[in-house]
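# just the structure for this:
(one chain, ligands or ions: 1)
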Amino acid sequence: ARAYDFHGEHQQGVTTLSPDALVLASLDMVDGATVDDLRELLADWTYAASRLAQGLEVAEDGAIGASPEAPPPDSGEALGLDAAGLTLTFGVGPTLFDDRFDLAERRPAALVDLPLFAGDLLEPARCGGDLVIQACAADSQVALHAVRNLLRIGFGRAQVRWLQTGFTHAEGSAERTMTPRNLLGFKDGSANLRVDDAAHLGEFVWVGDDADQPWMAGGTYLVARRIRMTVESWDRTRLREQERVIGRTKVEGAPLSGGEERDDVDLDATDDTGQPAMDADAHVRLAHPSVTGTRILRRPFNYVDGVTSVGQLDAGLVFLSFQRDPEQFVTIQRSLRTDLLNEYIRHVGSAVFAILPGVAEGESLGDRLLG
Ligand code: HEM
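A predicted model of the protein is given here:
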């Protein structure tokens with residue numbers, strides 16, 4: 001199976017194609033931790049990640065350990081499994097720049113908490129964090145093994161604040177390359193930025209050399225939102241209404257304004273009777289670049305975490321987007337204020353992180369930030 005080199009200009013896991021499984025963990029530095037602890041933690045993670053990405057155990061002595069009298073350094077559940085296309089992506093949250101580590105002057109102006117949007121129902125235990133690890137793979141056991149062992153390395157320095165898993169269809173179960181579907185049953189990603197479109201990625205995703213904080217050049221920003229869907233009410237909604245809400249057809253994912261899945265949405269199109277082909281508050285209309293003036297790279301996963309206290313599925317979208325400034329997300333989310341979709345969704349978790357630039361061989365993730 002595929003293995004991606006951990007080193008490079010940018011970190012993995014942003015433009016890497018179609019992973020099936022996500023494990024996203026947010027951590028806080030523990031009380032009393034110092035900037036040296038942070039530096040060493042990022043160095044330890046760099047070493048471990050470069051091994052894990054090759055399908056190796058987290059440390060050389062691995063699951064056997066140096067001595068049978070000591071706990072082995074690797075937890076062992078990925079023994080016999082290959083890299084499975086594992087990507088590991090690390091970032092830092094706004095709170096890391098408060099007064100604990102004397103890093104205030106290194107904070108990029110763009111790295112601030114998101115505003116409270118209309119309709120937000122955020123649960124504090126699913127929000128924020130000093131650090132983030134995103135693991136994606138074609139195998140959920142491989143992704144979880146990586147995060148579990150990275151958390152273990154952090155023990156005593158950083159502890160997990162929240163952890164969210166997610167999934168999309170497995171590559172092997174689709175007959176051909178297909179846009180993944182979300183739990184509303186609609187294709188999600190049809191009009192997304194293409195990961196091989198270097199010009200647009202440079203314009204909308206990667207932070208350039210002109211950044212206010214030079215350490216961020218080659219990085220990006222991650223916005224993570226846990227968006228619950230009330231799938232029970234959606235499933236009682238007529239097909240025509242579902243399509244009106246999204247602004248696309250369900251099976252093909254074609255815009256209601258006509259054409260095929262990959263054709264751009266035509267905001268001015270009319271139907272046979274001269275009426276607008278698309279509702280003024282359809283999701284893809286309000287999110288369209290000609291309305292918002294901006295774009296983002298979306299990398300969404302589905303989640304289901306059991307049932308709620310009122311017997312509904314706790315299911316929805318782990319909405320992940322990458323952009324060179326979180327303000328791009330803010331602009332689109334503000335435009336979605338009157339989105340027809342809002343009747344069926346609730347944003348319950350939220351976080352923003354600066355994704356560090358990629359590292360060269362011999363370099364550590366924290367080098368440019370901590371200098
Ligand atoms: C498009 C679903 C939340 C931004 C779409 C499409 C679907 C969809 C089915 C059409 C296919 C595609 O182009 O990918 C959902 C669901 C959401 C959600 C189910 C919540 C549970 C969001 C949020 C944002 C967003 C929070 C950003 C703030 C976009 C954008 C497009 C899009 C930019 C492409 C519009 C275009 O260029 O035509 N979404 N979405 N979506 N969505 Fe969402």
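# residues in contact with residue 326?
With contact set as Cβ atoms under 8 Å, 6 or more residues apart in numbering, residue 326 has these partners: 110, 111, 112, 114, 221, 223, 352. The C-beta positions use only the backbone N, C-alpha and C, and glycine is treated the same way.
# okay, now the fourth one: neighbour count?
Right, the one you point to is residue 114. Look at residue 114: counted by other Cβ atoms under 10 Å, it has 21 neighbours.
# what's whichever strand or helix holds residue 333 in contact with?
Assigned by DSSP states H and E, residue 333 belongs to helix 327-335. Contact partners of helix 327-335, identified using Cβ under 8 Å, 6+ apart, comprise 110, 114-115, 117, 204, 223, 286-287, 291-296, 321, 323.
# in a strand, residue 228, correct?
Yes - under the criterion used here (DSSP: H, G, I helix; E, B strand; the rest coil), residue 228 sits inside a strand.
# how about it, what does it touch?
314, 315, 316, 345, 346, 347, 348.
# tell me the secondary structure at the first one.
Applying three-state DSSP to residue 314 yields a three-state assignment of strand.
# using PDB, write out every CA atom in the strand or helix carrying residue 28.
Taking DSSP H and E as the criterion, residue 28 maps to strand 21-29. In PDB, the C-alpha atoms belonging to strand 21-29 read as follows (Å, rounded to 0.1, in the frame of the first residue of the first chain):
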ATOM      1  CA  ALA A  21     -10.300   7.100   7.900                       C
ATOM      2  CA  LEU A  22      -9.700  10.100  10.200                       C
ATOM      3  CA  VAL A  23      -8.500  10.400  13.700                       C
ATOM      4  CA  LEU A  24      -8.300  14.000  14.900                       C
ATOM      5  CA  ALA A  25      -7.000  14.800  18.300                       C
ATOM      6  CA  SER A  26      -6.700  18.100  20.100                       C
ATOM      7  CA  LEU A  27      -4.400  18.400  23.000                       C
ATOM      8  CA  ASP A  28      -3.500  20.900  25.700                       C
ATOM      9  CA  MET A  29      -0.100  21.400  27.200                       C
END
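# what packs against that strand?
strand 131-137, helix 140-154, strand 158-167, strand 313-323 (3 or more Cβ pairs under 8 Å, 6 or more residues apart in numbering; DSSP states H and E).
# next one: that strand to chain centre, how far?
On the basis of Cα atoms, centre = their mean, to the nearest Å, strand 21-29 sits 10 Å off its chain's mean C-alpha point.
# filter the contacts of helix 327-335 to the buried ones?
110, 114, 204, 223, 286-287, 291-292, 294-296, 321, 323 (16 or more other Cβ atoms under 10 Å).
# what is the nearest of the residues you listed to the ligand?
Each of the buried ones among the contacts of helix 327-335 was scored against the ligand by Cβ to the nearest ligand atom, and residue 287 proved nearest at 3.5 Å.
# once you drop chain neighbours, what's closest to the closest one?
residue 332 (5.7 Å; Cβ to Cβ, 6 or more residues apart in numbering).
# number of residues surrounding that neighbour?
Residue 332 has 23 nearby residues by other Cβ under 10 Å.
# distance of the most centrally placed residue in the chain from the ligand?
Residue closest to the mean C-alpha point of the chain, counted by Cα atoms, centre = their mean, is residue 320 at 3.2 Å. Going from residue 320 to the ligand by Cβ to the nearest ligand atom, to the nearest Å gives 10 Å.
# pLDDT wise, what is that residue at?
Per-residue confidence (pLDDT) for residue 320: 98.
# picking up where we left off before, can you list the contacts of residue 326 in CSV and add distance to the ligand?
Below are the contacts of residue 326 laid out as CSV (distance: Cβ to the nearest ligand atom, whole Å):
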residue, distance to the ligand
110, 16
111, 18
112, 17
114, 10
221, 13
223, 8
352, 13
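# okay then, goodbye and thanks.
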